[in-house]
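A.B. asks: Output the structure for:
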Amino acid sequence: MSKTNWVIDPTHSEIGFKVKHMMFTNVSGKFNSFEAQIAYEEADFTTASIQFSADVNSIDTHQADRDQHLRSADFFDVAHFPTLTFVSESVEKTGASSFNIHGVLTLKGVSKKIVLKADYSGLMQDPWGNTKIGLAIQAVINRKDYGLTWNAALETGGVLVGEDVTLVADVQFSKL
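C.D. replies: Sure, this is the predicted structure:
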């Protein structure tokens, strides 16, 4: 059976993250510029191959000074590492519409295997006749594993920025 190709619909997709700030609240952000493709046999999502990239310079936490700091060598070092990528290696079915997507995340020049937990919404046709699929994706990574080690100690104990980062993506793909 041949694979069907899909491309991300950026106007109906959001790629974001959350991280603890001062050890008790979350700060959220997103990437405004990204691309992704999926190819799979429509009857079997476990055959999917997925490629994703984000322009790290497009990071947006709704606070310009923080965004500039995140772009600096203290964090993402976008001058040397402008792109974040994910390439799938395999997909396993874990429930009726849930999957684990195994692959390699490359961030700041470091590549590590991770597992994305995905809920597949199935096929839908939009009012203009385009066939779409939807995915809700989540994973937790340790930012220090990717060389994102900057932090500041708090006077009351603890640190300013948490180590665990929750990756969150709500995405639509259009059939090519």
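
A.B. asks: so what secondary structure elements neighbour the helix or strand harbouring residue 123?
C.D. replies: Assigned by DSSP states H and E, residue 123 belongs to strand 110-125. For strand 110-125, the elements it packs on are strand 83-93, strand 98-107, strand 131-142, judged by 3 or more C-beta pairs under 8 Å, 6 or more residues apart in numbering; DSSP states H and E. Every C-beta, even on glycine, is put in place using the N, C-alpha and C of the backbone.

A.B. asks: how far off strand 110-125 does the second one point, in degrees?
C.D. replies: Spelled out, it's strand 98-107. In terms of direction (axes from the mean of the first three to the mean of the last three C-alpha atoms, to 10 degrees), strand 98-107 departs from strand 110-125 by 140 degrees.

A.B. asks: tell me which residues in strand 98-107 are buried?
C.D. replies: Using 16 or more other C-beta atoms under 10 Å as the test for burial, strand 98-107 gives 99, 101, 103, 105, 106, 107.

A.B. asks: Compute the number of surrounding residues for the nearest residue to residue 173 once chain neighbours are set aside.
C.D. replies: Setting aside the residues directly before and after it, residue 173 is nearest to residue 6 in space (C-beta to C-beta, 6 or more residues apart in numbering), at 3.8 Å. Neighbour count for residue 6, taken as other C-beta atoms under 10 Å: 22.

A.B. asks: Could I get the buried residue list for the helix or strand hosting residue 6?
C.D. replies: Per DSSP H and E: residue 6 is located in strand 4-8. Neighbour-count burial for strand 4-8, with 16+ other C-beta under 10 Å as criterion, is recorded at 6, 8.
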